[in-house]
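> below are the sequence and a predicted model; questions follow.
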Amino acid sequence: MLKRSRLWTVIFFVVVGLMLAPSAALAQGNVVTVLGVWGGQELEAFQKVMQAFTEKTGIEVQFEGTRDLPTVLETRLQAGNPPDVAAIPGPGAMKQYAERGALVDLSKHLDMDVLAADLGPAWIELGSYGDGFYGLMISADVKSLVWYRPDQFAAKGYEVPATWAEMEALMDQMVANGDTPWAIGVESGAASGWPATDWIEDIMLRTAGPQVYDQWVAHEIPWTDPRVKEAFEVFGKIVRNSDYVYGGPAAVLSTNFGDSVSDLFTDPPRAFMHRQASFITSFIRDANPDVVIGKDVNFFLFPPIKEEHGNPMLGAGDMLAQFNDSPAAAEFMKFMATADAQAIWVGELGKLGTNAKIDPAVYPDDVTRAMAEALAQAEIFRFDGSDSMPAAVGSGAFFEAPLMYIGGEDIDSVLEFLEHAAQEAY
Amino acid sequence: MSRAKLRRMLPRVIVNGAVILAMALWIVPTLGLFITSFRPASEVTSSGWWTVLSSPLKFTQFTIENYRSVLSTGGMTTAFRNSFIITIGGTVVPVFVAALAAFGLSKLHFGGRTFFYGLIVMMLVVPTQMTFIPVLRLYNKLSLSGTFLGLTLVHTGYGLPFAVFMLHNFFDALPDDLFQAAYIDGASVWTTFVRLAIPLSIPAIASLVIFQFLFVWNDLLVALIYLGGHESVAPLTMRLSSLVGSYGQSWHLLTAAAFVSMFVPLVVFFSLQKYFVRGILGGAVKG
């Protein structure tokens, strides 16, 4: 029995030893901690950016990645140890953090005149709140894109539509030929429904115009407004019709957004068009390694619907905000605003830089260059509405509502559900 | 076969059939995950895993590419090391403390022990998430956040109520006479604990170790909150979750990742399995 008590002694010392093991996470001195959502390829690209920063300044960057960023960030904030810098979901979240006084005003550290020249007024405005500048957009994704296969369009005699009337005619032409126009998937785990919100935002911008869009995002008009209803119905006409969308509403609800684009690449194609943001190219590459982006698949801009509203561009992006007022963190934010830093980040990923001085040559392919050009030429740019609304609506009720609507629920009761949620959240 | 024999066999056939059916239902999702982990990404998105069943011997449709990408990810060794440090600490400490506490609450007679036992068991219903902010605040003051020591302590705290509850029930089933006899022979409390209670409760302790090991090994959230996701301290679960992009790109790698991370608990489970069955039955029949 003596053996056994000796065993306990050994275990005891092992445990004590482990507990005293020095931990590397004690961030001290010249270190910036960054919290972000990036993983996989994105993480590798960001590591290259971090490396360049460390080489330039000698400041070490510690990156923590989690897709549960809002939860972790909120817990850290409440507990009093937020990361120095965090990639926040968008202007909506930025305003909430800034209101609480959690953010550092970047205009204290950044040269705003240089920044205004580099970024242009649209990006500055998105990051501003009150008198301060809190959110730095480091890259953008454009969303008003329709992906299609030029070879299939040519073979079937389909023309890229320039207006919504042409789009509707094209859809009917496809149906008459026995083809299915759209591939749509809205499943995305706990965030299911967001691809549908992008659709509705894109339509809303084109049927009601950017001013009404802004009022809608700020909840100055109710969800039951006829103009909101119209946007839902334009979307519903496509998504609730089994002739227009592959697999009908049931497939739309159950297909993952990243998988649905694969319906374009089956033989024969199950569908001919897919509306999705620029980042879909990484899904296409993952699932269909043989597809050459730019040649086998390309995009056209989501067509204008009402002439008077022109053709606006819907987009989103990666926004950095600073939570601790340390010199190292300020140095990092300064670095991320430069064209050099953004060139590494966007060059690896096919995102678009916000700094106008980025050499278009850094973009990995012609498609990305075309997107950058489309973004630069867009007369009207609007940030993703659901990312700008309070979380309870923007990533809550507004994600849920299209699912109910696609599932066949009555439009008026869906909008009333949204209005009810919005009245509590704003 | 005679009629009587058939009648005797029939219930057994039905029971066995039902058991096999239940087992099949349980195993199908895991099997699907396993097959998917060997399929290339392009096929994972275009067809279901069951399609391979029509031609299971066509080996060209399988690939080990997913496993290769998972295992060749940078920092995998560090992640394994961190997971082991966290899990060993987070298992040994709570089990050791719980054994002491349960023994005291069960076999030592002192005032208010029912009250203290009740208090500990009540902790079972406190949701872990509710404790994050206050504990993290305390940790920041004590500079324990981001350290393995801190994480070991929270895992001890979260694991203790169940561990004490389980071991207390087991100790209660040990006959008091045995301990009385030991005391008469001149044994101290510590001696009865180490030489009587512990050897007799090895099955219960083994099952507790398995439970706690699985809980800590699979944990992502607690580590993310108290340790942070930085590469030098991140456990395997965190490293694997960052294989996926922010929009869920490359999710097919998670199928292979699941089996990579499942490997260690499986080894632990099978090596402790013979105690495990006894442990669950521990105290079921008074002997």
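Good, I have the coordinates.

> strands along the stretch 151-287 of chain B, start to end?
Secondary structure of the stretch 151-287 of chain B by DSSP state E, counting those that start in this stretch: no strands are present.

> excluding sequence neighbours, find me the nearest residue to the residue in the stretch 101-250 of chain A positioned nearest to chain B.
Relative to chain B, the nearest point of the stretch 101-250 of chain A is A:Ser188 (6.7 Å; C-beta to the nearest C-beta). All C-beta spots, glycine's among them, are computed from the backbone N, C-alpha and C. Nearest non-adjacent residue to A:Ser188, counting by C-beta to C-beta, 6 or more residues apart in numbering or on different chains: A:Phe257, 5.3 Å away.

> contacting residues around the one you found?
By C-beta atoms under 8 Å, 6 or more residues apart in numbering or on different chains, the contact list for A:Phe257 reads A:Gly185, A:Val186, A:Glu187, A:Ser188, A:Trp194, A:Pro195, A:Gln276.

> let's see 6 Å
By C-beta atoms under 6 Å, 6 or more residues apart in numbering or on different chains, the contact list for A:Phe257 reads A:Gly185, A:Ser188, A:Pro195.

> who does the residue of the stretch 101-250 of chain A closest to chain B form a beta bridge with?
Beta-bridge pairing of A:Ser188 under DSSP bridges involves A:Ala190.

> what parts of the stretch 151-287 of chain B come near chain A?
Residues of the stretch 151-287 of chain B found near chain A (C-beta under 6 Å from any C-beta of the partner chain) are B:152, B:194-195, B:224-225, B:228-230, B:232-233, B:242-247, B:249-250.

> quick one: buried ones out of those residues?
Among those, the ones that count as buried by 16 or more other C-beta atoms under 10 Å in any protein chain shown are B:152, B:194-195, B:224-225, B:228-230, B:233, B:242-247, B:249-250.

> domain ranges for chain B, per the record?
Per automatic domain parsing, the structural domains of chain B span B:3-68, B:74-281.

> need the winner for burial among those domains.
Mean neighbour count (mean count of other C-beta atoms under 10 Å in any protein chain shown) peaks for domain B:74-281 among those, with a mean of 18.

> would you mind checking the average pLDDT for it?
Domain B:74-281 carries an average pLDDT of 89.

> go on, stretch A:230-244?
Here the average pLDDT along stretch A:230-244 is 95.

> centre of the chain to it, how far?
Put simply, stretch A:230-244 sits 23 Å off its chain's centre (C-alpha atoms, centre = their mean, to the nearest Å).

> and for stretch A:336-347?
18 Å.

> show me the shaky parts of the stretch 101-250 of chain A.
In the predicted model, the stretch 101-250 of chain A carries no residue with pLDDT under 70.

> measure the residue nearest the centre of chain A to B:Pro40 for me?
By C-alpha atoms, centre = their mean, chain A has its centre lying nearest to A:Ala316, at 4.8 Å. Computed as C-beta to C-beta, to the nearest Å, the A:Ala316 to B:Pro40 distance reads 30 Å.

> surely A:Val261 is in a helix?
Yes. Membership of A:Val261 in a helix is supported by DSSP: H, G, I helix; E, B strand; the rest coil.

> what's the closest non-adjacent residue to it?
Distances taken as C-beta to C-beta, 6+ apart place A:His274 nearest to A:Val261, at 4.8 Å, with adjacent residues excluded.

> how is the one you found assigned, secondary-structure-wise?
At A:His274 the chain is in strand, as set by three-state DSSP.

> all helices for chain B, in order.
B:3-36, B:41-46, B:65-71, B:76-107, B:113-122, B:128-141, B:148-173, B:176-184, B:189-192, B:198-200, B:202-218, B:221-226, B:236-241, B:253-281 (DSSP state H).

> which stretch among those comes nearest A:Gln51?
Taking C-beta to C-beta, helix B:76-107 is the member of these nearest to A:Gln51, at 17.7 Å.

> list the helices and strands that closest one packs on?
helix A:2-20, helix B:148-173, helix B:202-218, helix B:236-241 (3 or more C-beta pairs under 6 Å, 6 or more residues apart in numbering or on different chains; DSSP states H and E).

> dump those into CSV; add distance to B:Phe116 as well.
What follows is the helices and strands packed on helix B:76-107, written out as CSV (distance: least, C-beta to C-beta, whole Å):
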stretch, distance to B:Phe116
helix A:2-20, 24
helix B:148-173, 10
helix B:202-218, 20
helix B:236-241, 34
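
> and the pLDDT at the residue nearest to A:Pro289 when sequence neighbours are not counted?
With sequence-adjacent residues excluded and distances taken as C-beta to C-beta, 6+ apart, A:Pro289 is closest to B:Ser42, at 6.5 Å. Here, the pLDDT recorded for B:Ser42 equals 80.

> likewise A:Glu348?
Confidence at A:Glu348, expressed as pLDDT, is 82.

> my guess is it meets A:Leu43, correct?
No. A:Glu348 is not in contact with A:Leu43 according to C-beta atoms under 6 Å; the separation is 10.5 Å.

> neighbour count winner among those two?
Neighbour tally, A:Glu348 and A:Leu43, criterion other C-beta atoms under 10 Å in any protein chain shown: the higher count belongs to A:Leu43, 21 against 18.

> buried ones in the helix or strand where that one lies, by neighbour count?
Using DSSP states H and E, A:Leu43 falls within helix A:40-57. Neighbour-count burial for helix A:40-57, with 16+ other C-beta under 10 Å as criterion, is recorded at A:Gly40, A:Gln41, A:Glu42, A:Leu43, A:Ala45, A:Phe46, A:Gln47, A:Val49, A:Met50, A:Ala52, A:Phe53, A:Thr57.

> sweet, I'm off.
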